[in-house]
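Asks: what's the 3D shape of this:
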Amino acid sequence: MPIEKLAHFIRTEQLQVGLYIHLDLPWDEHPFTFGSFKIKSGEQIEMIKQLGVQQIRYSPTKSDQQPIAIKEDVAETPAAKPDPDLMIILEAKQSKLQQFERNKALRSECAKAFAATAQAVRNIDKQLNSRPKETLAGAERLVGQMLDTLLVDNDIIIHLMNDKAKGEELYFHSLNVAVLSLILARDMQLAKQDIRTLGLAALFHDIGKVEIPSRITMKSGLLSAAEEKVYQQHSLWSVNAAKTAGLPPAVLRLIAQHHEMCDGKGYPKGLKRDEIDPLARILALVNCYDNYCNRLNPAESLTPHEALSHMYTQQRASFDPVPLNLLIRGMGVYPPGSLVLLSNNCYALVIAVNTTKPLKPLIQVYNPDAQDQGTVLIDLEYEAQLNISKSIKLAQLPKAAAVYLSPCKHVSYYFNASEQ
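Replies: The predicted model follows:
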């Protein structure tokens, strides 16, 4: 993007549609979502004039039009009296600022809960063989804590978490699958005991992978037939490990079936839909989604948007349609972790979604003209004039936007209840 070395200023009476302007005012002292934008209407010009500024900075290279020419000896237009409509808009913007602070607080609380839960999952995996009874008690306590947050009347917000740990993909995979499975079971209005059973199975479903040789688990290319046979044994090994911990038969059944597919193309037994436990169908669905988003080689991972799209258009027969449709509805068209292009041509990262309002997520926006304002978070629920145009891949971002948004290589989720 070319950098304009000289500032260009014009009077407010020179404004016209097509000029790209910069309002050098604090965010809460003007009515627009961004301080830098291209003027699209006469109404916007009138709002700018109401702000009482005498000069406006503009970018010739980003503008479609030239400023209206005026004679140099024309006296400056006196500041207009405040428009009541403008005051209403500014008051609404103050409410947005308060909502922004609430969003920050919710994300901070969620990050703390995620860190504590991730540590608990690590302990479960590490202590299973040496302290099986304590491990089971810890897992039950962890699932119970998550259920206490989920089984409330408030809406649930799914957040993208910024985990940077390396070499702990198994822990985060188990946690991700548990989080999304519990949310999905809640949306399906399943009985509390069934949700608890599903949560325990999700935490332990891949525990047997520690028995697979690293030359297989760390292989980036396709597995040979012999390697694939060994890999598929992890379902049985996970069942054996979970049995050692004293998990009940209902949980063991889900672990054994977490790679079974409704079309009979899963493993280890090639079961079809009616032969698979309904809870195992949820587990298999979420497990597949997370595996698509978090492949061993991050470059091969699908974006969350791509993963859901692929599963719906290419693999629909593999999954139970009820949880599949609810997963798509709850995560939204643009799940947390999706990179998107906005209607104003800015790039953004989806960082949270309210499961009851999935089309209006919370986004982190890259605006090259406002980087000195710090992180720009926008809740699209409160932005009638701004929406998402499409999902994009990391490779499609300009370098500066990619650095600023810095999407995680590993897509991790956690949740909390919204305020009402």
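
Asks: what phi and what psi does the backbone show at S338?
Replies: S338 adopts backbone torsions of phi -80, psi 140, taken as degrees, to the nearest 10.

Asks: I'd like the numbering to begin with 25 instead of 1 from here.
Replies: Taking 25 as the first residue, the last one we looked at is S362.

Asks: ok, it to S436 distance?
Replies: Here S362 is placed at a distance of 14 Å from S436 (Cβ to Cβ, to the nearest Å). Glycine gets a C-beta too; all of them are placed from N, C-alpha and C.

Asks: The two - which one has more neighbours?
Replies: Legend: neighbour count by other Cβ atoms under 10 Å for S362 and S436, higher for S362 (28 against 24).

Asks: can you tell me which residues contact the closest residue to K64 other than its chain neighbours?
Replies: The shortest distance from K64 to any non-neighbouring residue, by Cβ to Cβ, 6 or more residues apart in numbering, is to V41 (6.4 Å). Shown in contact with V41 (Cβ atoms under 8 Å, 6 or more residues apart in numbering): I63, K64, S65, G66, I69, Q89.

Asks: among those residues, which ones are buried?
Replies: By neighbour count, with 16 or more other Cβ atoms under 10 Å, those hold I63, I69 as buried.

Asks: Next one: the residue nearest to K64 relative to Q68, how far apart?
Replies: Distance, V41 to Q68, by Cβ to Cβ: 8 Å.

Asks: Can you check the pLDDT for Q123?
Replies: You'll see Q123 listed with a pLDDT of 74.

Asks: That one and Y406 touch, don't they?
Replies: Yes - using Cβ atoms under 8 Å, Q123 makes contact with Y406 at a distance of 6.3 Å.

Asks: neighbours around the residue nearest to L121 when sequence neighbours are not counted, how many?
Replies: Leaving out its chain neighbours, the residue that sits closest to L121 by Cβ to Cβ, 6+ apart is D52, at 5.4 Å. By other Cβ under 10 Å, the residues close to D52 number 11.

Asks: which of the contacts of V41 lies closest to N311?
Replies: Comparing the contacts of V41 against N311 with Cβ to Cβ places K64 closest, at 45.7 Å.

Asks: does that closest one count as helix, strand or coil?
Replies: At K64 the chain is in coil, as set by DSSP: H, G, I helix; E, B strand; the rest coil.

Asks: Next one: it relative to L429, how far apart?
Replies: The spacing between K64 and L429, counted by Cβ to Cβ, is 25 Å.

Asks: go on, S442?
Replies: 24 Å.

Asks: for K414, same thing?
Replies: On the measure of Cβ to Cβ, K414 and L429 end up 16 Å apart.

Asks: Looking only at neighbour counts, state which of those two leads.
Replies: The residue with more neighbours, out of K414 and L429, is L429; 18 against 11, by other Cβ under 10 Å.

Asks: so how far is the lowest-mean-pLDDT helix or strand in the chain from its chain's centroid?
Replies: When the helices and strands of the chain are compared on mean pLDDT, DSSP states H and E, helix 108-151 comes out lowest with a mean of 79. From the chain centre to the centre of helix 108-151 is a distance of 13 Å (Cα atoms, centre = their mean, to the nearest Å).

Asks: which helices and strands sit right next to it?
Replies: Judged by 3 or more Cβ pairs under 8 Å, 6 or more residues apart in numbering; DSSP states H and E, the packing partners of helix 108-151 are helix 66-74, helix 156-174, strand 180-185, helix 193-211, helix 216-228, strand 371-378, strand 400-403, strand 436-441.

Asks: quick check: angle from that helix to helix 66-74?
Replies: Using axes from the mean of the first three to the mean of the last three Cα atoms, to 10 degrees, one finds that helix 108-151 and helix 66-74 are set 100 degrees apart in direction.

Asks: State the mean pLDDT of stretch 89-105.
Replies: The average pLDDT for stretch 89-105 rounds to 67.

Asks: Flag the shaky bits of the stretch 175-324 of the chain, pLDDT-wise.
Replies: Applying pLDDT under 70 to the stretch 175-324 of the chain flags residues 187-194.

Asks: So which residues of it form helices?
Replies: With DSSP state H, counting those that start in this stretch applied, the stretch 175-324 of the chain shows helices at 193-211, 216-228, 238-241, 249-255, 258-268, 273-280, 302-317, listed in chain order.

Asks: what comes up buried for the fourth one?
Replies: When you say that, I think you mean helix 249-255. Using 16+ other Cβ under 10 Å as the burial criterion, the residues of helix 249-255 that qualify are E251, V254, Y255.

Asks: and the strand or helix carrying L365, what does it pack onto?
Replies: Applying DSSP states H and E as the criterion places L365 in strand 363-366. Packing partners of strand 363-366 (3+ Cβ pairs under 8 Å, 6+ apart): strand 371-378, strand 386-390, strand 412-416.

Asks: For the residue nearest to S415 when sequence neighbours are not counted, give me its contacts.
Replies: Using Cβ to Cβ, 6+ apart and skipping residues adjacent in sequence, the residue nearest S415 is H329, 4.0 Å away. H329 is in contact with V357, Y358, P359, S362, S415, counting by Cβ under 8 Å, 6+ apart.

Asks: does the most centrally placed residue in the chain count as helix, strand or coil?
Replies: The structure's the chain has its C-alpha centroid closest to P360; by Cα atoms, centre = their mean the separation is 1.1 Å. Recorded secondary structure, P360: coil (three-state DSSP).

Asks: residues touching it, list them.
Replies: I182, H183, L184, P328, V374, I375, A376, V377, P385, V435, Y437.

Asks: now do 10 Å
Replies: Counting by Cβ atoms under 10 Å, 6 or more residues apart in numbering, P360 makes contact with 181-185, 328, 373-377, 385-387, 435-438.

Asks: before we move on, the earlier item: any chance of the helices and strands packed on strand 363-366 in CSV, with distance to T159 too?
Replies: Below are these laid out as CSV (distance: least, Cβ to Cβ, whole Å):
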stretch, distance to T159
strand 371-378, 31
strand 386-390, 35
strand 412-416, 40
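
Asks: Would you mind telling me which of the helices and strands packed on helix 108-151 is nearest T57?
Replies: Comparing the helices and strands packed on helix 108-151 by Cβ to Cβ, strand 400-403 comes nearest, at 6.8 Å.

Asks: Give the partner strands of the closest one in its sheet and their orientations.
Replies: Strand 400-403 pairs in its sheet with strand 386-390 (antiparallel), by DSSP bridges.

Asks: what separates the strand it pairs with from the chain centre, distance-wise?
Replies: On the basis of Cα atoms, centre = their mean, strand 386-390 sits 11 Å off its chain's mean C-alpha point.
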